[in-house]
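S.K.: please find the sequence and the predicted model below.
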Amino acid sequence: MTRGRSGAGAWWRHRREDLLALARQEHPLYVYDAASLDAAAAAVRGLAAVDRSFYAVKANCHPGVLARFRQAGLGFECVSLPELEHLRAHFPDLPGERLLFTPNFAPREEYARAWEMGAWVTLDSLHPFRTWPDLCAGREVFLRLDPGIGRGHHPHVRTAGAQSKFGIAPDELDDAARLAAACGARVVGLHAHTGSGIRTSEAWAETAEFLSAAATRFPGVRILDLGGGLGVPERPSQSRLDLAAVDATLRHFKESHPGLELWLEPGRFLVAAAGVLLARVVQVKSKGDVIFVGLETGMNSLIRPALYGAYHPIVNLTRLDQPATLTAHVVGPICETGDILGRSRRLAPSEEGDVFLIANAGAYGRVMSSWYNLRPPAGERVLEAALSPPL
Ligand code: LLP
């Protein structure tokens with residue numbers, strides 16, 4: 001990959017005309033490239049050491065995206081009853097065992113419904129055993145453990161340690177085993193998710209080691225769910241997660257722990273690069289030396305830059321072939337100073353009506369959008385197989 005050139009080799013360079021045509025029909029608009037979704041799903045399915053993968057629906061719940069992953073044979077990880085119901089509404093015949101429910105501080109009714117649907121259910125506290133023993137009686141459950149050390153691209157997405165609200169603390173494991181037995185629940189799986197946006201390949205094998213050590217207290221455990229978190233590079237200079245190395249470390253783990261199944265719950269990895277946000281320029285202005293290119297949508301469609309300081313490549317798609325001679329902040333129309341999609345970006349000189357493309361926006365984009373300022377967030381489309389051949 002050429003460094004310093006935004007998204008060199010990215011799918012959207014080959015689909016520029018199709019994207020501009022879509023943006024004429026509807027804007028602002030998220031577009032998801034079907035071929036990229038399929039390729040990412042195939043890469044995850046190709047992990048030989050992983051017995052089952054469940055797509056983390058929270059990253060992108062567009063029905064067209066879900067349909068491709070269903071077709072690819074993935075299960076679905078849901079963190080709320082509305083996510084489970086969304087799956088049920090779109091795929092009424094999906095077997096319950098392809099649904100995994102991994103909520104945090106969910107109300108009792110949501111667990112009850114998830115079990116009725118036949119989903120695998122993960123408890124991330126001992127509250128259900130203590131206060132709803134009748135509901136847990138006779139159930140097969142997963143327990144989400146706090147692995148102690150969190151990972152990921154930002155403190156908001158690191159999910160471990162005493163101050164994190166997720167998981168059962170290691171010193172509660174004896175209580176967990178006792179309470180499960182007391183209410184007649186069978187702990188069949190242990191789960192840990194250390195965080196999101198991880199690009200170091202040994203992370204999941206370390207989680208497996210941690211969980212297998214905890215599993216000695218739960219003789220019925222046959223599955224270790226290593227969570228999600230598989231990262232993608234944000235900037236051209238960042239390295240990719242080495243998926244083959246992830247697989248190799250997990251195969252090594254399995255050799256010494258035969259009889260344990262390994263599950264994964266990737267979200268971002270499957271959808272991030274497949275998605276772009278298209279938005280028109282509405283105004284360009286300068287204040288002193290600072291130039292602002294204002295788009296028709298901002299943090300109401302994509303909050304990641306404002307919330308995490310996340311970097312998303314941005315190009316002027318209308319003028320993709322012109323030299324990037326302008327340095328400008330790319331902002332939205334929302335009444336907050338934080339409504340910046342990209343700071344000090346090198347761009348082709350831009351005018352009202354140009355279509356901008358914000359890349360790597362398929363994960364945690366539209367799902368985290370809002371109607372702030374009563375501005376509707378961008379719509380969504382799946383871009384099917386190429387209409388025009390690659391350049
Ligand atoms: N499993 C559990 C239990 C999770 O909490 C998450 C993400 C995943 C799987 C999927 O993680 P992934 O493979 O996508 O990294 N909004 C943030 C990311 C929050 C992730 C929340 N949990 C962002 O835009 O970066």
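M.R.: Perfect, thanks for sending it.
S.K.: from here on, contacts and neighbour counts on C-alpha atoms
M.R.: Will do.
S.K.: which outside residues touch the top strand by length along the chain?
M.R.: Determined from DSSP state E, the single longest strand within the chain is strand 275-287. The set of residues external to strand 275-287 that reach it, using C-alpha atoms under 8 Å, 6 or more residues apart in numbering, is 23, 27-33, 291-297, 350-363, 378.
S.K.: I'd like the next helix or strand past it.
M.R.: Under the assignment DSSP states H and E, the closest C-terminal helix or strand after strand 275-287 is strand 290-295.
S.K.: circling back to that earlier point, what's the angle from the longest strand of the chain to strand 290-295?
M.R.: 140 degrees (axes from the mean of the first three to the mean of the last three C-alpha atoms, to 10 degrees).
S.K.: break this protein down into its structural domains.
M.R.: The record's domain split for the chain, according to automatic domain parsing, is 46-270, 275-383.
S.K.: of those domains, which is nearest residue 38?
M.R.: Nearest to residue 38, of all those, is domain 46-270, at 6.9 Å by C-alpha to C-alpha.
S.K.: any idea how far apart the tips of that closest one sit?
M.R.: Terminal residues of domain 46-270 are spaced 13 Å apart (C-alpha to C-alpha, to the nearest Å).
S.K.: quick one: it to chain centroid distance?
M.R.: 13 Å (C-alpha atoms, centre = their mean, to the nearest Å).
S.K.: so for it, mean pLDDT?
M.R.: The average pLDDT for domain 46-270 rounds to 96.
S.K.: which residue of the protein lies farthest from its centroid?
M.R.: residue 288 (39.2 Å; C-alpha atoms, centre = their mean).
S.K.: close to the ligand: what parts of the stretch 151-300 of the chain are there?
M.R.: Residues of the stretch 151-300 of the chain lying near the ligand by C-alpha under 6 Å from any ligand atom: 157, 193, 196, 197, 227, 228, 229, 230, 265, 266, 267, 268.
S.K.: pull the most distant pair out of those.
M.R.: 157 and 265, at 15.0 Å, using C-alpha to C-alpha across these.
S.K.: so for these two, which sits in the more crowded spot?
M.R.: Between residue 157 and residue 265, residue 265 has the larger neighbour count (other C-alpha atoms under 10 Å), namely 25 against 17.
S.K.: wait, what's in contact with the more buried one?
M.R.: Going by C-alpha under 8 Å, 6+ apart, residue 265 touches 53, 54, 55, 56, 77, 225, 226, 227, 228, 229.
S.K.: how near is it to residue 218?
M.R.: Using C-alpha to C-alpha, residue 265 is found at 22 Å from residue 218.
S.K.: next one: residue 356
M.R.: Counting by C-alpha to C-alpha, the gap from residue 356 to residue 218 is 53 Å.
S.K.: higher neighbour count, the two?
M.R.: Neighbours were counted for residue 356 and for residue 218 using other C-alpha under 10 Å; residue 356 has more, 27 against 20.
S.K.: and the more buried one, what are its bridge partners?
M.R.: With DSSP bridges as the criterion, residue 356 is bridged to residue 279, residue 316.
S.K.: how close does it sit to residue 257?
M.R.: Note on residue 356: its distance to residue 257, by C-alpha to C-alpha, is 50 Å.
S.K.: try residue 197
M.R.: 27 Å.
S.K.: which one of these two has more residues nearby?
M.R.: Neighbour comparison, residue 197 and residue 257: the larger count goes to residue 197, with 22 against 13 (by other C-alpha under 10 Å).
S.K.: okay, now the residue lying closest to the more buried one once chain neighbours are set aside: neighbour count?
M.R.: Leaving aside its chain neighbours, residue 197 sits nearest to residue 231 (3.9 Å; criterion: C-alpha to C-alpha, 6 or more residues apart in numbering). When neighbours are defined as other C-alpha under 10 Å, residue 231 has 24 of them.
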